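K.L.:
quick check, what structure comes out for this input:
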Amino acid sequence: MAHRLVNLTYLAALVGLAWHLNEYRIFLIGTSWIHYMKYIYTYYHRKLTSDQYSAFKEEVLLFKSISITQIAYHYLKPIYEGAPPNYLSLALIAFGYSISILATKALGVDRTYFGVELGFYEPKWITDFPYGV
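P.N.:
Presented below is the predicted three-dimensional model:
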C-alpha cells in the first residue's frame, strides 16, 4: 500500500511542478520512462516477495498506461486539429500494439511481467500466437 502513496506523491509533484512552471514536458518526461526503469531494476535485482511482485505489476501497469495515453494524445492531437492522418503509421502502430496485446494474452500478465524469471511461476511452453509462429 505504501507504493501507492509514493506513486501518487510522485505524480502530484510532477503535475504541480509542470503546472507551476507552465511546462508540460516535465510531466511527459517524468512519466514516460518510469516503467522501463522499474523493469530494469526489478529484473537486475530479482529479490521480491509476493506482495512486492504485486506492487511491481501494479506500478508498471500504471506508468505504462500513463505513457501510452500520452503517446496517443500527442499522436492524435494534430489529426484532431486538421492535419491529415498518416495511414501507414496508424496501421503500424495498430499492428505493433496488437502483437503486444496478443503476446500478453498468450503469456498471461504474470508471465509477461517477469513471473517466471522472479520465481513466482513455473516455465511454460507457449504455442499460442505470436509465439507459435
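K.L.:
what distance separates whatever helix or strand residue 90 lives in from the centre of its chain?
P.N.:
For residue 90, the host element (DSSP states H and E) is helix 87-107. Centroid separation for helix 87-107 versus its chain: 14 Å, with Cα atoms, centre = their mean, to the nearest Å.
K.L.:
which residues touch that helix?
P.N.:
Residues outside helix 87-107 that contact it (Cβ atoms under 8 Å, 6 or more residues apart in numbering): 75, 112, 126, 128-131. Any C-beta I mention is one placed from the backbone N, CA and C, and that applies to glycine too.
K.L.:
could you rerun that using 7 Å?
P.N.:
For helix 87-107, the surrounding residues in contact (Cβ atoms under 7 Å, 6 or more residues apart in numbering) are 112, 126, 128-131.
K.L.:
kindly report the same for stretch 52-67.
P.N.:
Outside stretch 52-67, the residues touching it (Cβ under 7 Å, 6+ apart) are 3, 7, 31-32, 34-35, 38-39, 42, 48, 109, 113, 118, 120.
K.L.:
do the same with stretch 30-38
P.N.:
With Cβ under 7 Å, 6+ apart as the test, stretch 30-38 has contacts from 14, 56, 59-60, 63-64, 66-67, 70.
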